[in-house]
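# I'd like to go over a predicted model; first the sequence, then the structure.
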Amino acid sequence: MVSLRRMTGLQLADLPQNARILAIRMSALGDIVFALPVLDALHDALPNAKVDWLVEDHHAAVLEGHPAVHEVIQMPRKSWKGGRGVAPFWHHLRGLKKRGQYDLILDFQSNLKSALQLLFLKSPAKVGFAPPVAREGAHRFHKFHAQVPARAQRTERDLQLLRTLGWTGSPNFDGRWALDGETTAQYADLHNYELLHTTTTVYGQDKLWPIERWAELAIAMREVGKTPLLLWTPADKAKVEEVAALSKGAATLAPATPSLAHLMALSDGANCLIGTDSGPVHLAAYRGTQVIALFGPTDPVIYHPPGEKVQIVYAGEEGVAPPPRDRSKRSPWMDKISVSMVIDALSAQ
């Protein structure tokens, strides 16, 4: 159900066929992925529209090369974080002002960060969420608002912005687009492997699964003929190497993925990716890789990965939301997920 506020009858069908549209979703990786089906919906409604996307430079690679994106506009992330580098950020904002008028702006971020961008952007139709989805007063910078259910799945929530404008279609989760040949060639010799994403961000420490269980899972996978490879970045390599050591050789480190494009290429070739509720899991699911997603403190109703080949391993009862989160430490709900539960999901594929 969608409740509209301050709507004046604007419909996608009323926009020019070559409309200029801007989507704003700057972070985080998983949230950007949840919004990607909007691109297909816009293309269906306005095939000749030019859709730009405003994103933090840290995540820009997930959009570069996407056939439905006309231009990727990058916000300098370090300039926003902690107020450092004011000059580059101010240059970015002034650049937005010079971009001219958009026929439609869709603010999927709907917080202070996106509101600041809207101050410098011109459009007669700035569409965002009503509170409480919109935070930090961002709704004051929108002309049109959509109110959505509290437990709406994130892709469905984002598509509600288009439903307020008359779109009535269904989301497309066939999200794999071609990557640069030089990038994919780096993994051409890899075959018949599974990926384990064993780490989380500092902001999501409650989603950590014990490293002993990751190691036990890798051993169990080897016993049934699987080849588990461990995803890693330079920042978390030491922790991932702990998992490898505990697995006694059952799991080895995956090849390096120095960019999001490399991560996509490696995930595309995997038989399956197993990980907690995280950006790499959502991205792999959207691109059509088999995914097993481990959910403890986060609600699988809301954060179900956007794909057709997804299995959820949840610590709670189906349909029941988890308790309030404490992001500073591992949730006891993650301890409820056993290795056998994950193996059962893997066997069911």
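Arrived safely, thanks for sending.

# So which residues of the protein form helices?
Counting by DSSP state H, the chain has helices at residues 29-35, 37-45, 77-80, 86-97, 112-118, 154-163, 181-185, 211-223, 237-246, 260-268, 279-286, 300-303, 332-335, 339-347.

# Pick the most buried one from those helices.
Highest mean neighbour count among those (mean count of other CB atoms under 10 Å): helix 279-286, with a mean of 27. C-betas here are computed from N, CA, C, even on glycine.

# Residues contacting it, please?
For helix 279-286, the surrounding residues in contact (CB atoms under 8 Å, 6 or more residues apart in numbering) are 28-30, 33-34, 36, 62, 173, 175, 195, 197, 231, 260, 263-264, 267, 270, 273, 275, 291, 293, 305-307, 309-310.

# ok and it relative to helix 37-45, angle-wise?
30 degrees (axes from the mean of the first three to the mean of the last three CA atoms, to 10 degrees).

# Please compute how far helix 279-286 lies from its chain's middle.
Chain-centre distance of helix 279-286: 7 Å, with CA atoms, centre = their mean, to the nearest Å.

# CA atoms of that helix as PDB?
Output of helix 279-286 as PDB, limited to C-alpha atoms (Å, rounded to 0.1, in the frame of the first residue of the first chain):
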ATOM      1  CA  GLY A 279      26.800  -6.000   0.100                       C
ATOM      2  CA  PRO A 280      28.800  -8.800  -1.700                       C
ATOM      3  CA  VAL A 281      25.900 -11.200  -1.000                       C
ATOM      4  CA  HIS A 282      23.300  -8.900  -2.400                       C
ATOM      5  CA  LEU A 283      25.400  -8.000  -5.400                       C
ATOM      6  CA  ALA A 284      26.000 -11.700  -6.200                       C
ATOM      7  CA  ALA A 285      22.300 -12.500  -5.800                       C
ATOM      8  CA  TYR A 286      21.300  -9.700  -8.100                       C
END
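
# Quick one: mean pLDDT for that helix?
Helix 279-286 shows a mean pLDDT of 98.

# Over to stretch 247-265?
Regarding stretch 247-265, the rounded mean pLDDT is 97.

# what about that stretch, start to end distance?
Using CA to CA, to the nearest Å, the end-to-end distance of stretch 247-265 comes to 26 Å.

# can you list the residues that contact it?
29, 59, 61-62, 64-65, 179-180, 183-184, 186-187, 190, 193, 195-196, 214-216, 218-219, 221-222, 228-233, 237, 240-241, 243-244, 266, 280, 283, 287.

# and if we set it to 7 Å?
Here stretch 247-265 makes contact (CB atoms under 7 Å, 6 or more residues apart in numbering) with 61-62, 179-180, 183-184, 186-187, 195-196, 215, 218-219, 222, 228-232, 240, 243-244, 266, 280, 283, 287.

# Among the helices of the chain, single out whichever gets nearest to residue 143.
Of all the helices of the chain, helix 112-118 sits nearest to residue 143, with 10.0 Å by CB to CB.

# okay, the closest one in PDB with CA atoms only?
Provided in PDB are the C-alpha atoms of helix 112-118 (Å, rounded to 0.1, in the frame of the first residue of the first chain):
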ATOM      1  CA  LEU A 112      20.900  14.500   5.300                       C
ATOM      2  CA  LYS A 113      23.600  13.400   2.800                       C
ATOM      3  CA  SER A 114      21.200  13.300  -0.100                       C
ATOM      4  CA  ALA A 115      19.300  16.400   1.100                       C
ATOM      5  CA  LEU A 116      22.500  18.400   0.800                       C
ATOM      6  CA  GLN A 117      22.800  17.300  -2.800                       C
ATOM      7  CA  LEU A 118      19.200  18.200  -3.500                       C
END
